[in-house]
Structure formats: structure tokens, C-alpha cells
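Engineer: Predicted coordinates and the sequence they were generated for:
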Amino acid sequence: MFAALKKIPPWGWVILVFLSLNLATYDWYTSVWGDEVLVADPAANLYFGHGFTSTAHLQPRGEHWVVNSPLFSFLLFGCFKLAGFGIFQDHMLGYLLWAAGVVLLCLTVRRARLIRSPLALAVLAVLLSAGYAVVFNFRSGRYDPLILFVVAACCLAFTIPHPGWRRLAIFFSAALFLPTALTLGPFAAAFGGLFFLVAGRKFFTELACAALGLAAGLGALCAYLCGLGMWGTYRRLTAFVVQSCYPPDQVMPVWQRKLADFPHKLVQDPMSVILLLCLLGVFFIYRKKLDAAGRRLVVFGAAAFFVVPAVGQASYAYQIYHCWQVYIPLAVCLVGLLDRVELFPVRTRNICLTALALVIFTLGLGLRLGLESTDRAGRDYSKVEQFVERTVRPGDVVMADWQAFYPLHKLDVTAYYYYYHFEPPEARTINCLLINPDWFATVRDKLGGDWAATGESYTLENKFTIAWLNRVFPHYYQNQSNQKYNLVMYRRVPAPAKQP
């Protein structure tokens, strides 16, 4: 056993440490929110015997769920079957997939000889496990960890020595892209185009195999949905979700609003900006010493910073959870550039790499968990579960906040969530609301009827943390995905009996 542990490289230990840290703090950040429930609800319903359905979004109850690409939800169902149902199991899958993706990327850059020294590989593992945007990716309960895993598998396939096996592996890994997330289509086009321009014709055949794999994955997804008779519904719902930040029913055209937002989209991840400035700084200081390979790293990293968000913003709404598409290439390019021994003395290189890891960790995962540790009592999800179990009765039909998702499924009651589109008969069956009080007026207008608070509530808010964040780092606090747990129970007031 000890002999096997000695074979683990330093970057492997870094990944294991971060995996352990994430598992130990699984309910600290983020709080349970809408995107997490969107992909977890069909998996939970399938696990509890209600079919691959959802009451969390835009489809009728009982209809096969097609709001998003299905691969992650099916994988999450398998996780529930193996490890049981709960918030820990859901988040654990994300941490494991992200850690596996980082392992594949470290293997890729080592086999491609982009990064050679053990310290540089360990620093890259820190950057990929602790950056501001990527922390949100793997801790938010979304399907982003699976996205990274399939992309990393495709990248590793490019390093397989045997041409036949290499192209076959690229084809099959790329075929998983679109069943995982439709946003990987534009990303693959932008990333592959930049790679072709920088690497030249050397990998033309491999890129063609990746394109064929994308087409095969789209064909498989179409066949799956057409077999269910849901292709039209899928296209309509995914088009709505992808462009939900830019509804067409406004005075300014969508393309103008997207163009006006683009400068903000470029800098919404401060860590990517820091990496870009470091990359350009090293280039301008040592440009006379750079060889062709070093210049290609600079060109690729800088171009990715602008091109990938531009393609993403044109194709869909480029959000903070898409910033890994820029951050990870920049991290690889910067660490690869710092690792070039001809530029720096070894001591200087080691100091720069260590400082980079400390800055990224401090402003990323370190600050996130440090801030949440000041509000540990309000972050304990078991208290939310206990509150829900006390207030919800057998046979209740609940209109609920996403925060109550896991205990409501364990109670096996019928629950609907904010974005569900009700039919009038369904709305009339709801007899209680377990929601954030800020949503009460909206929900009451949507459902109709008279409602009264029962006096049962779970409301905790750390004013100091929020005030501190608003003053020092206004964009760090994400109200939607990092809101405090705040639930109030309301029950329907029966209509007065009609006088004879």
C-alpha cells in the first residue's frame, strides 16, 4: 500500500487534498439553487420510481424530461442507485468528476510536454481546483464537472501515440460532447479553430475525427429524442433556456444587447484576467528569449481569452459558469510558459509558480470557504432538512423553493418549483407553500386563492458577511446561487362556505 502511495506524483496529492476538502465542506457553498435542481430532479424522480420526469422547470408533470442534454442526469441517477439519495451524493459526483477531469488534463499536458517539472504540474492542479470561476463550476451542483471530464478525455486522446487508436479515441470522446451539453458545440468550434491555426496542419486529421464525433453525438441525441417523440419539444425548450438572459420581446434587438454586454462578459471572471495579464507580462519581458513553442502558448492563450467568449456570447448567453472555457487554457499556457527553463533561473521560476498558486487559491476556493465559515450555522443543510420534515405533512402538495428539494423528495410528497408551468387543475391541488418570503406575492398571483403564514420558518442571514462583500468585492456575492436559506411555510385558507 505504501509503495503505491509513493508512486502518486505531487500534482496527484494536490488533487486528492482538494477532493477531500470539497467533500468535507459539501454544504458550505453553494446553497441549493435552481440550476442544481433542474438537473437533479429528473434523476431523483427516476430513482424514486416516478420516471425521468420533472416538476422543476418548463415541462408538464409526467412528460419525459428534455429541458437539457440528458447525460449528466442519467449519471446522477446511477450515483443515487449506488450511494443513496441526498445532497452529499449529488455534490460528491460533481467533485469526483471534476477531480477526474483535472487528472486527465494534467496527464495531457505532461504527455504533450507542455509542462514538465513536478512543481509546475502541481501548481496547474491548484489552479484548476481553486480558481474563482471553476470553484463555482464544480460546487454549484450543475453538470459542468461532466463537461470538463469529456473535454479532458478528448484532449488526452490527442496524446495517444498510435494514430489509429488516437483517432478512434478522439471520435468517441467527442461524440459525448453534445449529449453532455449543447454549449460544447460552439466551444469545440472555437477551440478547435484556434488549435488548428496555432498547431498548423499537423492535427488536421485528428480535428476532423473530432468533428465527425460531434456529428455522431448529435445524431445519437436526435435518435434518442425522436424515439421519444420529443425532438420538437427539446429544440423549443433548449432554445428558450440558452437565450433566457436575452428575451426577444424587448425594444433593443438581441444582437445589440449581446454586443453591449460583451465587455462585461470578458472580465466577469477576475482570475482569467489575472492569468491573461501575467501571460502578457511574461511575454513582453522575455519576448526576445522565447522560442516558437513559447510564442504559440502566448498567442493561443491570449486569443482564447477573446475568441471563445465571443463565440459563446453569439451562440448563447455566456455566463460565469462558462468561464472555465477561457480560464483553463490560460492556466495551461501561463504555467507552461513559466516552466520553460530557458526563461528563468530555477529559483525564480519556483517563486513565481508558488506565488501564482497562492494568489489563485486565496482569491478562489480559500476566500469562498473562509467567508462561508463565518456563517457555518446557516450553511448546515441538515437543519433545513429537519425543518422541512417538521412542517410538511403526509399527503401535502407543495409549491416549494429549490432549497427544500432534497428533504421533499425523501418525504415522497408531490412538490412543484418556481418555474413549473401549471395547468389550472394542478394549481388547485396545492395546499401549502414552502418558499422564500420574497417570492410570496409572485407565487400567490400565479396560483390564486388565499394563503396564510403558519408561523413556521427557517430564516438565517449573516448580515456582516453580505455587507462586507458588498463593500469590498461587489460581484463576489451571487444572490441566486449563494443565497441564505430562507424558507417560510404558508397554507391555503379554505374558501368560506356559500350561504344556502
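Structural biologist: Nice, thanks for sending it over.

Engineer: How many residues are close by Lys484?
Structural biologist: Under the neighbour criterion other C-beta atoms under 10 Å, Lys484 is assigned a count of 18. Quick note: C-beta positions are derived from backbone N, CA and C, even for glycine.

Engineer: So what's the predicted local confidence for it?
Structural biologist: Model confidence at Lys484, given as pLDDT, is 78.

Engineer: low-confidence ranges in the stretch 201-350 of the chain?
Structural biologist: Residues of the stretch 201-350 of the chain that meet the criterion pLDDT under 70 lie in 241-245, 247-250, 341.

Engineer: quick one: the helices in it?
Structural biologist: Using DSSP state H, counting those that start in this stretch, the helices found in the stretch 201-350 of the chain span residues 204-228, 231-242, 254-266, 270-286, 292-315, 324-338, 346-361.

Engineer: Then the stretch 1-150 of the chain?
Structural biologist: For the stretch 1-150 of the chain, applying DSSP H, counting those that start in this stretch gives helices covering 2-6, 10-24, 34-47, 71-83, 87-111, 118-130, 132-139, 144-157.

Engineer: I'd assumed Glu63 was in contact with Leu237.
Structural biologist: No - Leu237 is not in contact with Glu63 according to C-beta atoms under 8 Å; the separation is 10.6 Å.

Engineer: And those two? Which one has more around it.
Structural biologist: Leu237 (18 against 14).

Engineer: In contact with the more buried one, which residues?
Structural biologist: By C-beta atoms under 8 Å, 6 or more residues apart in numbering, the contact set of Leu237 is 58-59, 66-67.

Engineer: How about Pro145?
Structural biologist: Applying C-beta under 8 Å, 6+ apart to Pro145 gives the contacts 93-98, 101, 137-138.

Engineer: any chance of those residues in CSV, plus distance to Ala314?
Structural biologist: CSV is the format used below for those (distance: C-beta to C-beta, whole Å):
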residue, distance to Ala314
Leu93, 32
Gly94, 28
Tyr95, 32
Leu96, 33
Leu97, 28
Trp98, 27
Gly101, 26
Asn137, 22
Phe138, 26
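
Engineer: now that we have these, which one has the most neighbours?
Structural biologist: Counting neighbours by other C-beta under 10 Å, Trp98 comes out on top of the contacts of Pro145 with 29 neighbours.

Engineer: Report whether the expected contact of that residue with Val151 is present.
Structural biologist: No - between Trp98 and Val151 there is no contact under C-beta under 8 Å: 11.7 Å.

Engineer: that older thread, what's the most buried one of the helices of the stretch 201-350 of the chain?
Structural biologist: Across the helices of the stretch 201-350 of the chain, the average number of neighbours (mean count of other C-beta atoms under 10 Å) peaks for helix 324-338, which reaches a mean of 26.

Engineer: CA atoms only for that one - export them in PDB, please.
Structural biologist: Provided in PDB are the C-alpha atoms of helix 324-338 (Å, rounded to 0.1, in the frame of the first residue of the first chain):
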ATOM      1  CA  TRP A 324     -13.700  27.700 -17.500                       C
ATOM      2  CA  GLN A 325     -13.500  27.600 -21.300                       C
ATOM      3  CA  VAL A 326     -11.100  30.500 -21.100                       C
ATOM      4  CA  TYR A 327      -9.600  30.100 -17.600                       C
ATOM      5  CA  ILE A 328      -8.300  26.500 -18.200                       C
ATOM      6  CA  PRO A 329      -6.500  27.200 -21.500                       C
ATOM      7  CA  LEU A 330      -5.000  30.400 -19.900                       C
ATOM      8  CA  ALA A 331      -3.800  28.400 -16.900                       C
ATOM      9  CA  VAL A 332      -2.100  25.800 -19.100                       C
ATOM     10  CA  CYS A 333      -0.500  28.400 -21.300                       C
ATOM     11  CA  LEU A 334       0.800  30.500 -18.400                       C
ATOM     12  CA  VAL A 335       2.200  27.600 -16.300                       C
ATOM     13  CA  GLY A 336       3.700  26.100 -19.400                       C
ATOM     14  CA  LEU A 337       5.400  29.500 -20.200                       C
ATOM     15  CA  LEU A 338       6.700  29.800 -16.600                       C
END
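
Engineer: elements contacting that helix?
Structural biologist: Helix 324-338 sits against helix 87-111, helix 118-130, helix 132-139, helix 144-157, helix 184-199, helix 270-286, helix 292-315, helix 346-361, with contacts defined as 3 or more C-beta pairs under 8 Å, 6 or more residues apart in numbering; DSSP states H and E.

Engineer: how does the chain divide up, domain by domain?
Structural biologist: The chain is divided into the following domains under automatic domain parsing: 9-373, 376-492.

Engineer: do you know which of the ones you listed lies nearest Ala3?
Structural biologist: Set against Ala3 and scored by C-beta to C-beta, the domains of the chain come closest in domain 9-373, at 14.5 Å.

Engineer: what's next to stretch 208-227, contact-wise?
Structural biologist: Under the contact criterion C-beta under 8 Å, 6+ apart, stretch 208-227 has outside partners 66, 69-70, 154, 167-168, 170-179, 185, 188, 192, 231, 234.

Engineer: Tell me how far it lies from the chain's centre.
Structural biologist: With C-alpha atoms, centre = their mean, to the nearest Å as the basis, stretch 208-227 stands 23 Å off its chain's centre.

Engineer: JSON lines for the helices of the stretch 1-150 of the chain, including distance to Gly449 and mean pLDDT?
Structural biologist: Output for the helices of the stretch 1-150 of the chain, formatted as JSON lines (distance: least, C-beta to C-beta, whole Å; pLDDT from 0 to 100):
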{"stretch": "helix 2-6", "distance to Gly449": "62", "mean pLDDT": "72"}
{"stretch": "helix 10-24", "distance to Gly449": "43", "mean pLDDT": "95"}
{"stretch": "helix 34-47", "distance to Gly449": "24", "mean pLDDT": "93"}
{"stretch": "helix 71-83", "distance to Gly449": "33", "mean pLDDT": "95"}
{"stretch": "helix 87-111", "distance to Gly449": "32", "mean pLDDT": "96"}
{"stretch": "helix 118-130", "distance to Gly449": "48", "mean pLDDT": "95"}
{"stretch": "helix 132-139", "distance to Gly449": "38", "mean pLDDT": "90"}
{"stretch": "helix 144-157", "distance to Gly449": "39", "mean pLDDT": "96"}
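
Engineer: I'd like the ones you listed as CSV, with distance to Ala452 appended.
Structural biologist: Formatted as CSV, the helices of the stretch 1-150 of the chain follow (distance: least, C-beta to C-beta, whole Å):
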stretch, distance to Ala452
helix 2-6, 60
helix 10-24, 41
helix 34-47, 26
helix 71-83, 36
helix 87-111, 30
helix 118-130, 47
helix 132-139, 37
helix 144-157, 41
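
Engineer: if I look at Val346, how far off is Pro270?
Structural biologist: Using C-beta to C-beta, to the nearest Å, Val346 is found at 30 Å from Pro270.

Engineer: List the residues that contact the residue nearest to Cys352 when sequence neighbours are not counted.
Structural biologist: Closest residue to Cys352 apart from its sequence neighbours, by C-beta to C-beta, 6 or more residues apart in numbering: Leu338 at 5.5 Å. Taking C-beta under 8 Å, 6+ apart, we find Leu338 in contact with 120, 282, 344, 349, 352-353, 356.

Engineer: which of those residues lies closest to Asn45?
Structural biologist: When the contacts of Leu338 are ranked by distance to Asn45 (C-beta to C-beta), Leu356 comes first, at 44.3 Å.
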